[in-house]
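In: Return atomic coordinates for the entry below.
(one chain, ligands or ions: 1)
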Amino acid sequence: MRITVLGAGPAGYAAALRAAQKGAKVTLIEKERLGGTCLNWGCIPTKVWVESAHRWRAIQEVADFGLECTAHRPNLQAIVARKNQVVETLVGGIQQLMAKQKVHVLRGRGTVVNPRLVSVQLADGSREEVENDCLILATGSVPASLPIPGLDLPGVMTSKEALDLKELPSSLVIIGGGVIGLEFANIFQTLGSKVTVVELLPCVLPGVDVEIVRRLMPVLKKSGLDIKVSTKLLEIKKQDNMLALILEGSKGVETLTAEKVLVATGRIPSLSGVETKALGLELEGRFVKVNPYLETNLPGVYAIGDIVKSPMLAHVATAEAETAVENIFGKRQAMDYSAVPAAVYISPEVAYVGLTEEEAKEQGLTYKVGKFPFTANGRALTLGEAQGVVKIIAGENGRILGAHLLGPQASELVAELTLALRWGITTEQISHTIHAHPSLAEAVLESAHSVFGKALHFS
Ligand SMILES: Cc1cc2nc3c(=O)[nH]c(=O)nc-3n(C[C@H](O)[C@H](O)[C@H](O)COP(=O)(O)OP(=O)(O)OC[C@H]3O[C@@H](n4cnc5c(N)ncnc54)[C@H](O)[C@@H]3O)c2cc1C
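Out: Numbers count the residues shown, from 1 in each chain. You can find the predicted model right below:
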């Protein structure tokens, strides 16, 4: 079987690899870089910056650990160099995997001529036509742009440019208090910029369990971050060497000046090379419409990743890739979104899976809540990172409906609860499972105990 995959992000490259492993003759078309947004301008490079910020904070706190050390300043050129090196290592790894699985990688911009033919404009200006028996669309997403005057001024950036900043801005305003906005806010605030986050909605991290956001806010504010919610950006103007932002909030219109502005107001599907109207490809809003098997309305055409209406996350994109390939090879497997974890890499980390308490209420479910604070966890205290909580929402039968974590390594700890949620493991079963001591995972164990009011180290 000949399969063409358009786009080599975590959706496309994973689909290409899996299809090749199953014996298909695969062509993978990519106009920029293997690994797509996630590896080059998203998940991975941001976490390199997050780690530098984390270590910088740790250096400043070493005196609390009985150590003496003098650190001079963060070196952004070195951070960017390390970021590039990590990205190159991963992209190189994907290149090798493609070669090993004999995936034919075509570097150029693909245009879908019809469901069985893609025309590729190669870098040298020539064209190559690729025929297929099955086409997988994985063209990803791009930053959403707002119709606001001044967004094209020098000094106004998207996350892509921010990742290559070689000098620390003295002041930075971030438009958008979602996951990406807060991650950058945390990085630059920690490294020494004066950071303000402007969010249109009444709270940051919309969709996250309200109690978690409520607990997080004072921690962020204490770190020096200025957060303006229910505030709309009207315009950006140049003012001497700075940028002046005209904002409208509950107290009226105000002007804020900053050296740089980062726009993080979400992402929209990219359908570059996919003329939906001409092809007759059905959309759902801006997203490509798919059925539970990830098939579009065009026979033999699948769509996966950020272009379909599911959480815009790399691991979801990869899971969709695997499901689509299973279906191409004849297995009728619906995509399962019942347990999708998500994490926000700030300090302390936020991670969650399943229903929020608000959603459980809205759905009229009977539920119990278990909570365990990291202040009562030995390992968290040894790390000096005892802020936060593990909150579990369990149904009547003890099965986990949702879990919400704020604290050290939350992005790792959520895996146990995701496994439990996905496979119906109850809080009672977790509470009868021995966890290593001392470990942060004991906070998960104790939170499971606490669903029955039986936490050992907290009451
Ligand atoms: C700053 C930032 C941080 C993020 N952090 C995280 C995180 O920590 N965890 C997480 O899960 N997610 C994160 N994400 C989201 C994650 O990057 C996306 O969900 C993921 O990359 C989607 O994968 P995809 O394969 O659908 O699309 P993409 O990764 O966008 O890849 C699509 C690829 O298709 C190519 N393409 C498009 N059109 C054509 C064409 N016509 N011809 C050839 N090639 C084409 C593009 O060049 C691109 O390489 C982050 C995103 C950003 C921006």
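In: Counting residues, which helix of this protein comes out longest?
Out: Ranked by residue count, the top helix of the chain under DSSP state H comes out as helix 76-100.
In: Same question for it: list its buried residues.
Out: Within helix 76-100, the residues scored as buried using 16 or more other CB atoms under 10 Å are 76, 79, 80, 82, 83, 86, 87, 90, 91, 94, 98. Every residue, glycine included, has its C-beta placed from N, CA and C.
In: Next, find the distance separating the fourth one from the ligand.
Out: So the one you mean is residue 82. Per CB to the nearest ligand atom, to the nearest Å, residue 82 is found 17 Å from the ligand.
In: swap in residue 312?
Out: Taking CB to the nearest ligand atom, one finds residue 312 at 5 Å from the ligand.
In: That residue - how many residues pack around it?
Out: Residue 312 is flanked by 21 other residues according to other CB atoms under 10 Å.
In: Give me the distance from the longest helix of the chain to the chain's centre.
Out: Centre-to-centre, helix 76-100 and its host chain are 19 Å apart (CA atoms, centre = their mean, to the nearest Å).
In: Listing partners with orientation, what would you give for whichever helix or strand comes after it?
Out: Sequence order places strand 104-114 as the next helix or strand after helix 76-100, per DSSP states H and E. In the sheet, strand 104-114 lines up against strand 25-30 (parallel), strand 117-122 (antiparallel) (DSSP bridges).
In: for the ones you listed, which one sits closest to the ligand?
Out: strand 25-30 (4.7 Å; CB to the nearest ligand atom).
In: same for whichever helix or strand comes after that closest one, what does it pack against?
Out: Toward the C-terminal end, the helix or strand that comes next after strand 25-30 (DSSP H and E) is helix 36-41. Helix 36-41 is packed against helix 76-100, with contacts defined by 3 or more CB pairs under 8 Å, 6 or more residues apart in numbering; DSSP states H and E.
In: so what secondary structure elements neighbour the helix it packs on?
Out: helix 12-21, helix 36-41, helix 43-60.
In: Those helices: which one's closest to the ligand?
Out: Across the helices and strands packed on helix 76-100, closest to the ligand is helix 36-41 (CB to the nearest ligand atom), at 2.6 Å.
In: Close to the ligand: what parts of the stretch 151-300 of the chain are there?
Out: 159, 180, 270, 272, 273 (CB under 6 Å from any ligand atom).
In: do you know how far the residue nearest to the last one when sequence neighbours are not counted is from the ligand?
Out: This points to residue 273. Once flanking residues are discounted, residue 273 sits nearest to residue 111: 4.5 Å by CB to CB, 6 or more residues apart in numbering. Distance, residue 111 to the ligand, using CB to the nearest ligand atom: 6 Å.
In: Let me know whether residue 111 touches residue 118 as I believe.
Out: Yes - between residue 111 and residue 118 there is a contact at 6.8 Å, judged by CB atoms under 8 Å.
In: neighbour count winner among the two?
Out: Taking other CB under 10 Å, residue 111 and residue 118 do not tie; residue 118 has more neighbours (25 against 17).
In: about what we covered before: ok, the residues of the stretch 151-300 of the chain next to the ligand vs residue 441, which is closest?
Out: residue 180 (27.9 Å; CB to CB).
In: just to revisit the earlier point, using TSV, please lay out the strands paired with strand 104-114 together with distance to residue 173 and mean pLDDT.
Out: Converted to TSV, the strands paired with strand 104-114 look like this (distance: least, CB to CB, whole Å; pLDDT from 0 to 100):
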stretch	distance to residue 173	mean pLDDT
strand 25-30	34	98
strand 117-122	38	97
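In: and among these, the most buried is which?
Out: Mean neighbour count, computed with mean count of other CB atoms under 10 Å, is highest for strand 25-30 among the strands paired with strand 104-114, reaching a mean of 24.
In: Between the helices and strands packed on helix 76-100, which one is closest to residue 3.
Out: Using CB to CB, the helices and strands packed on helix 76-100 put helix 12-21 closest to residue 3, at 4.9 Å.
In: what's in contact with that closest one?
Out: For helix 12-21, the external contacting residues (CB atoms under 8 Å, 6 or more residues apart in numbering) are 3, 5-6, 8, 26, 28, 30, 34-36, 94, 97-98, 101-103, 136, 138, 140, 304-305, 317-318, 321-322, 324-325, 328.
In: how much space between residue 180 and residue 347?
Out: 16 Å (CB to CB, to the nearest Å).
In: quick one, which of these two is more surrounded?
Out: residue 180 (22 against 18).
In: List the contacts of that one.
Out: So residue 180 contacts 46, 159, 264 (CB under 8 Å, 6+ apart).
In: between these, which has the most around it?
Out: residue 264 (24 neighbours).
In: returning to that earlier point: pipe the helices and strands packed on helix 76-100 into a markdown table and attach mean pLDDT and distance to residue 418 per row.
Out: Formatted as a markdown table, those follow (pLDDT from 0 to 100; distance: least, CB to CB, whole Å):
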| stretch | mean pLDDT | distance to residue 418 |
| --- | --- | --- |
| helix 12-21 | 98 | 19 |
| helix 36-41 | 97 | 19 |
| helix 43-60 | 96 | 17 |
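In: Any chance of CSV for these, columns distance to the ligand?
Out: Shown next, in CSV, are the helices and strands packed on helix 76-100 (distance: least, CB to the nearest ligand atom, whole Å):
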stretch, distance to the ligand
helix 12-21, 5
helix 36-41, 3
helix 43-60, 4
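In: just so I know, which of these lies nearest residue 297?
Out: Nearest of these (CB to CB): helix 12-21, 19.2 Å.
In: Nearest to residue 406, out of the strands paired with strand 104-114?
Out: Of the strands paired with strand 104-114, nearest to residue 406 by CB to CB is strand 25-30, at 37.3 Å.
In: Distance from the closest one to the middle of the chain?
Out: On the basis of CA atoms, centre = their mean, strand 25-30 sits 25 Å off its chain's mean C-alpha point.
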